[in-house]
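*Asks:* sequence-free structure coming up:
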């Protein structure tokens, strides 16, 4: 009898456990069923609508324009799930859509909507304007509209057939230039010291950590670079808008007086300065496009197709997807494109970062693929790890040795390590506005010896050799260690300019004269023998095809790449395909890619998951996070002789 309470307790706990387990399984099954339904709905939503005659393509660019979406498909889906709706637009997709629309009889015009566009480097913008020129050459019009235009938005808009703006808008062009944070006094107050070891008079990337302002050499180099970029920008805008040379700068110089003369009406000033053709509200734009095209009664607007929907209409081959290798045309020869975008690191890295191992593996994949006859390396990188850069360069060298031509297409930035990986190529092609060069090497050794002294902390111990604590960040660096590091940096710089000299068929002394860590525009680099030709991505692809003897029209098209502004040209000539060699997604990533993130968006709307905003504006916090975070990484991941080929620069 004394055991009966325990038996009841045991049965009660068992029943409770059964209830909890059944509830858990029911909820999981319901969630799984809901996910299946959401995926089914998303797949149905991804069915591209049927195109009708007199359709306008609405090119509403979202977020920044990138060479490849940062992170993986899974990362982007999770970001959507967390409410992070900031997205990016891939350059290759914009080019593919414009080129396909140019020959599509159902597409009669393009509406370029700019309000959500966050811009890109000038070289990438010029790739888009080249595709816009090809579209206009087909006899079709591009109408740009914005509630207002910043400098990057306006560069694209200015190349449209017609530029419209809201009556309350403004065209805001402020030129090129930047303010950088300098941390010497702040680090001194914290008791943090920084030892800089470098080669290159103009290698100013690390100056913010050892000075309170730029050196005269850095100021000189920046002035020449920015003036060159601004000249390319203004020339492009003035040519596209048929404005007198120098009119953009003249308007900025006289802006206070010109604005006052029109009573502060910035839109009217833009109209008088012929920056825009007309002032129209969004509803007036709709009516205009209905008159020029056809009315869609279902959406009560003009007949249209969105950028995303039209992209779905394209075949994998038109999009340059590696999956196109499995199609019926799989044996047709191809030009492979490998994208090297972002900072260069040693190992495996996701999209948006150049991993020494992962990017080298992509190059190797292209080399070992018998259907790929030539390779284009698209570089948009400020550099980074010397070792990671060399891993990629070596694979390119092996690709050339295997008999496959390699053409480097420089994007907005291809400097330092970005230039290092470009040396193993048959041709280096830069845009007129590419930021390149920065051939130099440096290393930083931060130490917090004074900081921990202020706290009463003392780092002491026994080591079997003097190297044991020579680079410990809790002590001042040993002078012998600094000397060894300088010797190593000198050797790496000599190796760097030696590789460049061999690639450019000149002497190390000649390269040293234009190197020393200095950055140049694409035009300036060509004048100094650091690049072969000027042109965009499309020009580089045609040049690679010509070198591999693919396509009858490839040779003549590639010769046009010598001009600073690429002439309108058709899509790649028949006879070869263009295939982007990307990292192979996993099964789960393929599923997420198939539903296009719609399931994640639906779940986010149900659970209302949101990220907590930061307290300070991104314009303030971004540079601080990047600069100081980079300094911390040097401490956390320091190797005895780690060297960096990095320009710590962005496309203006």
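*Replies:* That came in fine, so what should we check first? Note that this is a predicted model, so its numbers are computed, not measured.
*Asks:* now the helices for the stretch 151-300 of the chain?
*Replies:* 151-158, 184-190, 216-240, 247-253, 255-261, 266-272, 282-292 (DSSP state H, counting those that start in this stretch).
*Asks:* what's the closest of those helices to residue 537?
*Replies:* Set against residue 537 and scored by CB to CB, those come closest in helix 151-158, at 16.0 Å. Placement of C-beta: from N, CA and C, glycine included.
*Asks:* which of the helices or strands spans the residue nearest to residue 536 when sequence neighbours are not counted?
*Replies:* Leaving aside its chain neighbours, residue 536 sits nearest to residue 127 (4.4 Å; criterion: CB to CB, 6 or more residues apart in numbering). Per DSSP states H and E, residue 127 falls inside helix 122-137.
*Asks:* specify the angle between that helix and helix 151-158 in degrees.
*Replies:* 20 degrees (axes from the mean of the first three to the mean of the last three CA atoms, to 10 degrees).
*Asks:* next secondary structure element downstream of helix 122-137?
*Replies:* According to DSSP H and E, the helix or strand after helix 122-137 is strand 141-146.
*Asks:* mind listing the strands that following strand pairs with, and their directions?
*Replies:* Using DSSP bridges, strand 141-146 pairs in its sheet with strand 107-113 (parallel), strand 162-165 (parallel).
*Asks:* any idea how many residues pack against residue 145?
*Replies:* 28 (other CB atoms under 10 Å).
*Asks:* isn't it up against residue 112?
*Replies:* Yes: with contact defined as CB atoms under 8 Å, residue 145 reaches residue 112; the gap is 7.2 Å.
*Asks:* quick one on the thing from earlier: same question for the helix holding residue 127, mean pLDDT?
*Replies:* Averaging pLDDT along helix 122-137 yields 97.
*Asks:* any buried residues in that helix, and which?
*Replies:* The neighbour-count check on helix 122-137 (16 or more other CB atoms under 10 Å) flags 122-136 as buried.
*Asks:* what's the closest of the residues you listed to residue 583?
*Replies:* Taking those together and measuring to residue 583 by CB to CB, the closest member is residue 124, at 21.3 Å.
*Asks:* for the closest one, what are its contacts?
*Replies:* 65, 67, 91, 380, 411-412, 651 (CB atoms under 8 Å, 6 or more residues apart in numbering).
*Asks:* how about the residues you listed, which pair is most distant?
*Replies:* 91 and 651 (12.6 Å).
*Asks:* those two: which has the busier surroundings?
*Replies:* More neighbours surround residue 91 than the other of residue 91 and residue 651, with 24 against 21 (other CB under 10 Å).
*Asks:* ok, the more buried one touching residue 65?
*Replies:* Yes: under the criterion of CB under 8 Å, residue 91 makes contact with residue 65 at 5.7 Å.
*Asks:* give me the phi and psi for residue 456.
*Replies:* phi 80, psi 20 (degrees, to the nearest 10).
*Asks:* can you check the pLDDT for it?
*Replies:* 88.
*Asks:* circling back: reformat the strands paired with strand 141-146 as TSV; add mean neighbour count, distance to residue 456 and mean pLDDT.
*Replies:* Formatted as TSV, the strands paired with strand 141-146 follow (neighbours: other CB atoms under 10 Å; distance: least, CB to CB, whole Å; pLDDT from 0 to 100):
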stretch	mean neighbour count	distance to residue 456	mean pLDDT
strand 107-113	23	61	97
strand 162-165	24	63	98
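*Asks:* of all these, which one is nearest residue 471?
*Replies:* strand 107-113 (53.3 Å).
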